[in-house]
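Novice: Got a predicted structure plus its sequence, pasted below:
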Amino acid sequence: MDTTRWFSTGRRRPAPAVALLAAAALAVPALAACGQRLDLPTGAGAACGDPLPAADLTLEGLGEGEILLVESALGFEEVVVYRDGRVVVVGGDEAAWERSFEDDGEDGDADASAAAQPSSAQLSAAHLTAAHLTAAQPTPASAVVVPAMAWTPHPSSPLLLLGQLPECALAELDGLAGELREILDRTDGDLGFPQITDQSTSAFDYRGANALTASAYALHDDYEDGLTSDERTGRDLLRSMEDVVAWNLPDVVAATPETFETYPDGGFECAPLTGAAELTAMLEEFERTGESTARPVPPGFEPCD
């Protein structure tokens, strides 16, 4: 995935930009002197409460006014969190998502693993983002590596993944956003630019009480030499927001949206796909071949906008 900014995605409307959402469990250097927490939620520690089932969830009632958080890349929405806690992952693979939640007890410490998160499955230790799931063919989490330059506008699936966050996760997101706003105020919105090439820019649009827009280049890479403490802490907060979503979403179900975008030549030329006959043909082809040039549009967005 590639360059995008919260405030200007270049392709979509004044765009909700926030992408995928499940980030790597990286170290969290925090600034105690500035009142920054030393215990940011990361990895399995970001899970709270009991995981909520997704089997009966639908997209009904979701629209632009219900959007709470959007993460995007290259102007394309990857993950959308709605105000009631429903979450949509664009183009994700249900089996791949569920495979990423596995019991870490294989290392011989099953009791410790269960105690750390007794009510939900364990996400693998590999760095896993929603962007990985939407850009790669289903593979074990430990093998997922997605070069930014290889990303295409249509994901591996024309379907959405739908899940439900608990209330505690929504409260945690707003708290993290409040801390991030303080960092952004001090840095004038700049979270640094690591000296590494061909990485993606993750863009976030949070619309809760502590509303903000932010973006970070190479957010999921640990090459942060030369960044200031505030820039590093801001990035940690963004990764924590991703982890709060991912680790509280072990159960997802595939959902079919009302509208799609299609990229017939594999490029960035977009055309809405809305006709009933076209939609049926596209979904039947995907079911038969496992391939599609269509991209699902989350509720609250317009195709090719």
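Specialist: The structure has been received and is ready for your questions.
Novice: which helix is the longest one in this structure?
Specialist: helix 167-187 (DSSP state H).
Novice: Can you name the secondary structure element that comes next after that one?
Specialist: Tracing the chain C-terminally past helix 167-187 and defining elements by DSSP states H and E, one meets strand 201-206 next.
Novice: in that next one, what counts as buried?
Specialist: Residues 201-206 are the ones in strand 201-206 that count as buried (16 or more other Cβ atoms under 10 Å). Bear in mind the C-beta positions are built from the backbone N, C-alpha and C, glycine included.
Novice: pLDDT of it, averaged?
Specialist: For strand 201-206, mean pLDDT rounds to 94.
Novice: Can you list the strands that that strand pairs with?
Specialist: Next to strand 201-206 in the sheet, as set by DSSP bridges, lie strand 67-73 (antiparallel), strand 212-217 (antiparallel).
Novice: after the last one, next one along is what?
Specialist: What that stands for is strand 212-217. Per DSSP H and E, the helix or strand that comes after strand 212-217 is helix 229-247.
Novice: What pairs with the next helix or strand after that next one, parallel or antiparallel?
Specialist: Per DSSP H and E, the first helix or strand lying C-terminal to helix 229-247 is strand 253-255. Strand pairing for strand 253-255, using DSSP bridges, gives strand 160-164 (antiparallel).
Novice: List the contacts of the partner strand.
Specialist: 52-54, 57-59, 85-94, 97, 133, 249, 251-257, 296, 298 (Cβ atoms under 8 Å, 6 or more residues apart in numbering).
Novice: what is the orientation angle of that strand with helix 229-247?
Specialist: Strand 160-164 and helix 229-247 meet at an angle of 90 degrees, taking axes from the mean of the first three to the mean of the last three Cα atoms, to 10 degrees as the criterion.
Novice: got any ranges where the stretch 1-150 of the chain has weak pLDDT?
Specialist: Within the stretch 1-150 of the chain, the ranges that satisfy pLDDT under 70 run 1-38, 102-150.
Novice: swap that for the stretch 201-305 of the chain, sorry
Specialist: Scanning the stretch 201-305 of the chain for pLDDT under 70 picks out 266-267.
Novice: element containing V80, please.
Specialist: Using DSSP H and E, V80 falls in strand 76-82.
Novice: Give me the sheet partners of that strand and which way each runs.
Specialist: For strand 76-82, sheet partners with direction are given as strand 67-73 (antiparallel), strand 86-90 (antiparallel), following DSSP bridges.
Novice: still on that earlier bit, just curious, which of the buried residues of strand 201-206 is nearest to Q195?
Specialist: T201 (14.7 Å; Cβ to Cβ).
Novice: Count the residues that sit near R99.
Specialist: Look at R99: counted by other Cβ atoms under 10 Å, it has 16 neighbours.
Novice: So it versus D243, what's the distance?
Specialist: Using Cβ to Cβ, to the nearest Å, R99 is found at 18 Å from D243.
Novice: Could you do T187 as well?
Specialist: On the measure of Cβ to Cβ, T187 and D243 end up 22 Å apart.
Novice: now do S200
Specialist: 17 Å.
Novice: What of A95?
Specialist: According to Cβ to Cβ, A95 stands 22 Å off from D243.
Novice: okay, the two: which has more neighbours?
Specialist: Neighbours per residue, other Cβ under 10 Å: of A95 and D243, the larger number sits with D243, 27 against 10.
Novice: from what I can see the more buried one touches E172, true?
Specialist: No. Checked against Cβ atoms under 8 Å, the pair D243 and E172 is beyond contact range at 9.7 Å.
Novice: which residues do the two both contact?
Specialist: In contact with both D243 and E172: 41, 46, using Cβ under 8 Å, 6+ apart.
Novice: Flag every buried residue along stretch 169-185.
Specialist: Those would be 169-170, 172-177, 179-184, for stretch 169-185 by 16+ other Cβ under 10 Å.
Novice: Relative to A73, how far out is E60?
Specialist: Per Cβ to Cβ, E60 is found 27 Å from A73.
Novice: With neighbour numbers in mind, choose between those two.
Specialist: A73 (29 against 7).
Novice: Relative to L219, how far out is the more buried one?
Specialist: In terms of Cβ to Cβ, A73 sits 10 Å off from L219.
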